[in-house]
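Undergrad: the sequence isn't on hand, but the structure is:
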């Protein structure tokens, strides 16, 4: 007999929309259940292309995502979208016209769109976003796009969630400076100057390239700087080519390093979040905590040394 | 041969002023050295009367401390003062006149005054304050007074530092309401209505007693509500009697319970602060972390299950 969680996971693996939706809600609202779900899904992840789309509000990244999704659908790909930007049309912000345009996408069976509630604390949101990408990944989507506002107050470190990061800027917004401030120059694998019919587009492209030159590591990926007009769809095909190129580059070795670093952070975090409670519960149950409290009260031991003694005793050394 | 730390500790135990000062700086600025110092001092602590003096700015608690110190000196007691209130004359805030009056105390060999830098983060400040009280305790001071502003944004939970808590209020400041808001009614062992020459003193005393009545536990200590005029010294003697009375009450059994709770919090905190690093360092050194990272990358295991497996392996069960 399958448990409820197992049935849910099976639904996700069969790309059942209701199971996916329920699983995403779990990931957002119930951290401990979420871990069980992710444990079961984990072996089915890692097959999607994960692409972060980040940039300040007003740079047109939602429109760009809309066009990217449509172009990917024309090419027969299935897509997941996770939106973390509270001003995004996907999350219910922005103008009604935008919102309606985005909703056209949601009736398409090959597209699953989810906006993350930003009421979560930042740490919780980062974890929920990472796990939401995994759910969509495990559900068999070819591409998972993650939209974040990526400004200084970034809720999610997009590099920990997406393998390819696209930074979207619009000339004239003062974005270039903002981007540099927010450390976006370091995280971008591809730069897009959107709304590129404005006067100062050439200057923006030159500025970004100059900045990138300062950060450039030898022998690595050289981030291209593209021009798009998201509204008309100009440049969207080229952007997709570059994303695919970057994915190929990653598979040449960089991906493994990237994933290794990311997985290490995650494993260490998982250990950190549960070890203290477990050790303290154990010590309490075994009566060792009370024993040592007595010793401390009798001034035979101070709390710091007591902690050291208890931990030395508790932690097995490898033989 | 004594190490530097051991020499320092010896100096503190001999009540050497320079050693005490250096030790207090250590406690403020160097948490890991501080733990070694406290480990060595710990068995010599617990002999001072520790008294917290808390109340909103303007209630006159610094003046009251000044008078308390002088009265205690007349009775032949040695005193330590730890000031955590950034607006306190002891920490350099307030008016020049106040500051000069306080500094008279510091030339007295039987008095040691230290203000804590509030640049520390709150957790760090709380720990440093607790350890500063211990240093003065171990140095042989009969009484250690701790001054905190004790408002809602209290930097230090005074009940974890002092055995007797005196809440100082001044009628007309709207203090009574503030005190209730900030939860001071629960923490006070003695209440003082200071500047009690004002019109509304009787009302203030009645209000406080009414509030206390609501919180009163049966058979325990009944917090007295005193009137003082700190400037003239009126009521200071009576306050000292009540502090001594409370100390005696605590020794009748309540102290042990109080200390037990406090020491438990501290031991658990000490375990919590070091266990994660120690476990992760061990796992890294033993190569288990890398082993499991490989397994996760190969999708044989997810990070959450990996953390569970590693911890189960790492934590010894009692036989």
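TA: Nice, thanks for sending it over. The structure presented is a predicted model; accordingly, all values stated were derived computationally and were not measured.
Undergrad: what does the host helix or strand of residue A:312 contact?
TA: In the assignment (DSSP states H and E), residue A:312 maps to helix A:303-314. Contacts of helix A:303-314 with the rest of the structure, by C-beta atoms under 8 Å, 6 or more residues apart in numbering or on different chains, involve A:279, A:282-283, A:288-289, A:292, A:295-296, A:301, B:35, B:38-39, B:42, B:263, B:266-267, B:269-271, B:274-275, B:278, B:315-316. Just so you know, the C-beta spots here come from the backbone N, C-alpha and C atoms, and that holds for glycine as well.
Undergrad: can you turn the buried part of the residues you listed into a PyMOL selection?
TA: To isolate the buried ones among the contacts of helix A:303-314 in PyMOL, judged by 16 or more other C-beta atoms under 10 Å in any protein chain shown, type:
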select buried, (chain A and resi 279+282+283+288+289+292+295+296+301) or (chain B and resi 35+38+39+42+263+266+267+269+270+271+274+275+278+315)
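Undergrad: count of residues packed around residue A:237?
TA: 15 (other C-beta atoms under 10 Å in any protein chain shown).
Undergrad: now do the contacts for it.
TA: residue A:71.
Undergrad: check which helix or strand it maps to.
TA: helix A:236-249.
Undergrad: which of the contacts of helix A:303-314 fall in helices?
TA: A:279, A:282-283, A:288-289, A:292, A:295-296, B:35, B:38-39, B:263, B:266-267, B:269-271, B:274-275, B:278 (DSSP state H).
Undergrad: what residues sit buried inside the helix holding residue A:237?
TA: For helix A:236-249, burial by neighbour count (16+ other C-beta under 10 Å) applies to A:236, A:239-240, A:242-243, A:246-247, A:249.
Undergrad: average pLDDT across it?
TA: Per-residue pLDDT over helix A:236-249 has a mean of 96.
Undergrad: do the same with stretch A:268-276
TA: Average pLDDT, stretch A:268-276: 90.
Undergrad: before we move on, back to that, now, which of the buried residues of helix A:236-249 sits nearest chain B?
TA: residue A:247 (17.5 Å; C-beta to the nearest C-beta).
Undergrad: tell me the contacts of the residue found closest to the closest one once you drop the neighbours it is linked to in the chain?
TA: Nearest non-adjacent residue to residue A:247, counting by C-beta to C-beta, 6 or more residues apart in numbering or on different chains: residue A:49, 5.5 Å away. Residues near residue A:49 by C-beta under 8 Å, 6+ apart: A:142-144, A:163-164, A:243, A:247.
Undergrad: confirm residue A:191 sits in a helix?
TA: No. Counting by DSSP: H, G, I helix; E, B strand; the rest coil, residue A:191 is not found in a helix; it is strand.
Undergrad: count of residues packed around it?
TA: 26.
Undergrad: now swap in residue A:4 and tell me
TA: Count around residue A:4 with other C-beta under 10 Å applied: 9.
Undergrad: before we move on, what about the one 10 residues further on?
TA: Using other C-beta under 10 Å, residue A:14 has 11 neighbouring residues.
Undergrad: got any ranges where chain A has weak pLDDT?
TA: A:85-104, A:106, A:117-123, A:150-156, A:173-182, A:196-199, A:214-219, A:317-319 (pLDDT under 70).
Undergrad: quick one: the helices in it?
TA: Going by DSSP H, chain A shows helices at A:4-13, A:17-29, A:31-41, A:61-74, A:96-106, A:122-138, A:175-181, A:184-187, A:201-215, A:236-249, A:255-285, A:288-297, A:303-314.
Undergrad: next, the buried residues of the second one.
TA: Judged by neighbour count using 16+ other C-beta under 10 Å, the buried positions of helix A:17-29 are A:19-20, A:22-24, A:26-28.
Undergrad: got CSV for those, with distance to residue A:11 too?
TA: Formatted as CSV, these follow (distance: C-beta to C-beta, whole Å):
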residue, distance to residue A:11
A:19, 3
A:20, 7
A:22, 8
A:23, 8
A:24, 12
A:26, 12
A:27, 14
A:28, 17
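Undergrad: tell me the spacing between the nearest residue to residue A:116 once chain neighbours are set aside and residue B:262.
TA: Counting by C-beta to C-beta, 6+ apart, residue A:84 is the residue found nearest to residue A:116 once chain neighbours are left out, at 4.9 Å. Distance, residue A:84 to residue B:262, by C-beta to C-beta, to the nearest Å: 42 Å.
Undergrad: neighbour-wise, which of those two wins?
TA: residue A:84 (29 against 17).
Undergrad: chain B versus that one, what's the distance?
TA: 21 Å (C-beta to the nearest C-beta, to the nearest Å).
Undergrad: chain B contacts on the stretch 151-300 of chain A?
TA: Within the stretch 151-300 of chain A, the positions adjacent to chain B are A:256, A:259-260, A:263-264, A:266-272, A:274-276, A:278-280, A:282-283, A:286, A:288-289, A:292-293, A:296-297, A:299-300 by C-beta under 8 Å from any C-beta of the partner chain.
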